[in-house]
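Undergrad: Quick check, what structure comes out for this input:
(4 chains)
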Number of protein chains: 2
Amino acid sequence: MGLPVRKSKVAPPPSCPLTLCMKLLGGAWTPNVIWYLSGGPRRFGELRGDIPRISARVLSARLKELQEKGVVERTLLDTSPPSAEYGLTELGQELIPAIHAIVRVGSKLRDSGSPKRAARVT
Amino acid sequence: MGLPVRKSKVAPPPSCPLTLCMKLLGGAWTPNVIWYLSGGPRRFGELRGDIPRISARVLSARLKELQEKGVVERTLLDTSPPSAEYGLTELGQELIPAIHAIVRVGSKLRDSGSPKRAARVT
DNA sequence: CAGGATCCTAATCGATACTG
DNA sequence: CAGTATCGATTAGGATCCTG
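TA: Predicted coordinates:
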């Protein structure tokens, strides 16, 4: 027989919140969408301009998800032609620190590690 | 013609770090793996016990990715039978605050949306 | 025990229409 | 302008089997 299996020194993660949040942030472009909404409400087309390579389908899907999670709210504008504005809810604002934390460590990831396969710069 | 397209109030995100880091954390189970490693070095089998539903293939793949990114280091133990221990590098430690930030906001997210397929509680 | 090799399925994304 | 619908290509992930 081999080594004894040690008991983990950390408590199990609150994996439901963790998984829940990662499911939210994990979708393609989601962090970017939230990033841009953090500057104030934006319309659909504006977001498409902010994130050039996103497809309408995905942007639409992400915004809908975020609404369902209560992170984003949609306001229909009474203009002609009608348009809609998306903004972060108070709950949504709380995601910002997490995104900043991710960006912060992300910027350190770049310089280290094995640069065997050059990371594609976006 | 419709509304004028406003200029974004936020600068473009450092999208390379953001994308880079999300690619890292986005993989299934990755945050959990890092969570458990944050308690100190763990062996392969121990991690499998920590995260019961993970498959060996995925755990292996994640650990390899994390090594390549310089976040995890592998130490071969001179035991019989030989086993290996994985631990966070200093760089890896820096991911922990981000994960905590994610967990924190995750616990506030309401588990809403379509409960068509019940979110499996882990 | 630690992990690689295969096969397969389900989810996801992009591109391209098309509607109100 | 603000989306929705459909399709095809890609891919991540699970299961299983196999080796050192």
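Undergrad: And for the residue nearest to residue A:27 when sequence neighbours are not counted, the neighbour number?
TA: Of all residues not flanking residue A:27 in the chain, residue A:62 sits nearest, at 5.8 Å (C-beta to C-beta, 6 or more residues apart in numbering or on different chains). Any C-beta I mention is one placed from the backbone N, CA and C, and that applies to glycine too. By the criterion of other C-beta atoms under 10 Å in any protein chain shown, residue A:62 has 21 neighbours.
Undergrad: which SS state does residue A:62 fall under?
TA: helix (DSSP: H, G, I helix; E, B strand; the rest coil).
Undergrad: is the longest helix along chain A anywhere near chain B?
TA: With secondary structure taken from DSSP state H, chain A has its longest helix at helix A:95-111. Yes. Counting by C-beta under 8 Å from any C-beta of the partner chain, chain B has neighbours in helix A:95-111: A:95, A:97-99, A:101-110.
Undergrad: Most neighbours out of these, which is it?
TA: In terms of neighbours by other C-beta under 10 Å, these top out with residue A:95 at 29 neighbours.
Undergrad: For DNA strand C, give me its nearest residue in chain A.
TA: Closest to DNA strand C within chain A is residue A:28: 3.2 Å, counting by C-beta to the nearest atom of the strand.
Undergrad: gap between the closest residue to that residue other than its chain neighbours and residue B:10?
TA: Residue nearest to residue A:28 in three dimensions, not counting chain neighbours: residue A:58, with 6.2 Å by C-beta to C-beta, 6+ apart. From residue A:58 across to residue B:10, the span is 20 Å (C-beta to C-beta, to the nearest Å).
Undergrad: which of the two has more neighbours?
TA: Neighbours were tallied for residue A:58 and for residue B:10 using other C-beta under 10 Å; the higher tally belongs to residue A:58 (16 against 13).
Undergrad: Which residue would you name as the spatial centre of chain A?
TA: Centroid check for chain A by C-alpha atoms, centre = their mean gives residue A:31 as the closest residue, at 2.4 Å.
Undergrad: Residue B:108 is in contact with residue A:20, correct?
TA: No. Using C-beta atoms under 8 Å, residue A:20 is not in contact with residue B:108, being 9.8 Å away.
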